[in-house]
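Asks: this one's structure only:
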């Protein structure tokens, strides 16, 4: 038998290496979250996932800014996302409370991981789809993986600042897992800020808002994170309405063209 030569990875420029380094750091943060989960240091574990989400939001933007996008980087990013926002949150919830539910709890944990994997696979297949109009880039189809991790960990985040016992009840956490899993694989349009352009008159207010959020995060991190998650949930009806408005405009424009022909 003849040994077919394996395809070697081409050399990457330093510009393409920087985003991949950030992706690897995000992956390390996600794995470290599991380590702290085993030690039952839940707040530190969630902080690691927050760091991973920040790094995940930066790697793609930096890659586009440096023109360092690559197929290798895209695949690495998806694998990192599955570990950080699929496996790690599921593991934390299982150790935290869902193991008390026995096989049912484990099935729900598997469900979340599977839905996260399907969400990432669908995103990868649609990201460069030529038939999609440009305005669809303003929206995600379903909840993205990092947001899904935040939603599914919402009960744990609440427990850091309150003594409410029900937030750790397996039944309540199971409900959150089911809802989040459905949102991950749903067709619900949610806002995407990847292509968002800030107009000149909004630059200063935006910078002030970011500074305010940063200050609140330092002084009251869990309260700030809770507020941000609630704001994100409240945005669902608005993103759906905005998506429908864009779609209606396109349909109306196409109908007018057909009538004029």
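Replies: The structure has been received and is ready for your questions. Keep in mind it's a predicted model, so treat the numbers as computed, not measured.

Asks: where does the stretch 51-200 of the chain have low pLDDT?
Replies: 68, 127-132, 195-196 (pLDDT under 70).

Asks: how about the helices in it?
Replies: 71-82, 88-96, 103-126, 145-152, 154-159, 170-185 (DSSP state H, counting those that start in this stretch).

Asks: Kindly reformat those as a markdown table and extend each row with mean neighbour count and distance to residue 219.
Replies: Every residue, glycine included, has its C-beta placed from N, CA and C. Listed next are the helices of the stretch 51-200 of the chain as a markdown table, based on neighbours: other CB atoms under 10 Å; distance: least, CB to CB, whole Å:
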| stretch | mean neighbour count | distance to residue 219 |
| --- | --- | --- |
| helix 71-82 | 17 | 30 |
| helix 88-96 | 23 | 25 |
| helix 103-126 | 17 | 32 |
| helix 145-152 | 24 | 20 |
| helix 154-159 | 20 | 16 |
| helix 170-185 | 19 | 27 |
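
Asks: now for those, which one comes closest to residue 37?
Replies: helix 88-96 (4.6 Å; CB to CB).

Asks: Distance from the chain centre to the closest one, please.
Replies: Counting by CA atoms, centre = their mean, to the nearest Å, helix 88-96 is centred 17 Å from the centre of its parent chain.

Asks: re the thing from before, okay if I get the helices of the stretch 51-200 of the chain as a markdown table plus distance to residue 28?
Replies: Formatted as a markdown table, these follow (distance: least, CB to CB, whole Å):
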| stretch | distance to residue 28 |
| --- | --- |
| helix 71-82 | 9 |
| helix 88-96 | 11 |
| helix 103-126 | 19 |
| helix 145-152 | 16 |
| helix 154-159 | 21 |
| helix 170-185 | 24 |
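
Asks: Those: which one's closest to residue 234?
Replies: helix 145-152 (12.7 Å).

Asks: Figure out which of the helices of the stretch 51-200 of the chain is closest to residue 202.
Replies: helix 145-152 (23.0 Å).

Asks: still on that earlier bit, out of the helices of the stretch 51-200 of the chain, which is closest to residue 206?
Replies: So among the helices of the stretch 51-200 of the chain, helix 145-152 is nearest, using CB to CB, at 20.1 Å.

Asks: Longest helix in this structure, please.
Replies: Here the longest helix in the chain is taken by residue count, with DSSP state H as the criterion, and it is helix 221-260.

Asks: For the most centrally placed residue in the chain, which non-adjacent residue is closest in space?
Replies: Among the residues of the chain, the one closest to the centroid is residue 146, at 2.1 Å (CA atoms, centre = their mean). Of all residues not flanking residue 146 in the chain, residue 53 sits nearest, at 4.4 Å (CB to CB, 6 or more residues apart in numbering).

Asks: List the contacts of the one you found.
Replies: Residues in contact with residue 53 (CB atoms under 8 Å, 6 or more residues apart in numbering) are 26, 84-85, 146, 149-150.

Asks: give me that answer again for 10 Å
Replies: Each residue near residue 53 by CB atoms under 10 Å, 6 or more residues apart in numbering is listed here: 26, 29-30, 81, 84-85, 144-147, 149-150.

Asks: Run a quick neighbour tally on residue 41.
Replies: For residue 41, the neighbour count with other CB atoms under 10 Å is 14.

Asks: One more: residue 54?
Replies: 13.

Asks: Quick check: it touching residue 29?
Replies: Yes - in this structure residue 54 lies within contact range of residue 29 using CB atoms under 10 Å: 9.0 Å.

Asks: Distance to residue 172 for the contacts of residue 53 - can I get that in a markdown table?
Replies: Shown next, in a markdown table, are those (distance: CB to CB, whole Å):
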| residue | distance to residue 172 |
| --- | --- |
| 26 | 29 |
| 29 | 27 |
| 30 | 25 |
| 81 | 26 |
| 84 | 24 |
| 85 | 21 |
| 144 | 24 |
| 145 | 23 |
| 146 | 23 |
| 147 | 20 |
| 149 | 18 |
| 150 | 17 |
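
Asks: Looking at those residues, which is nearest residue 19?
Replies: For the contacts of residue 53, the residue nearest residue 19 by CB to CB is residue 26; the value is 10.5 Å.
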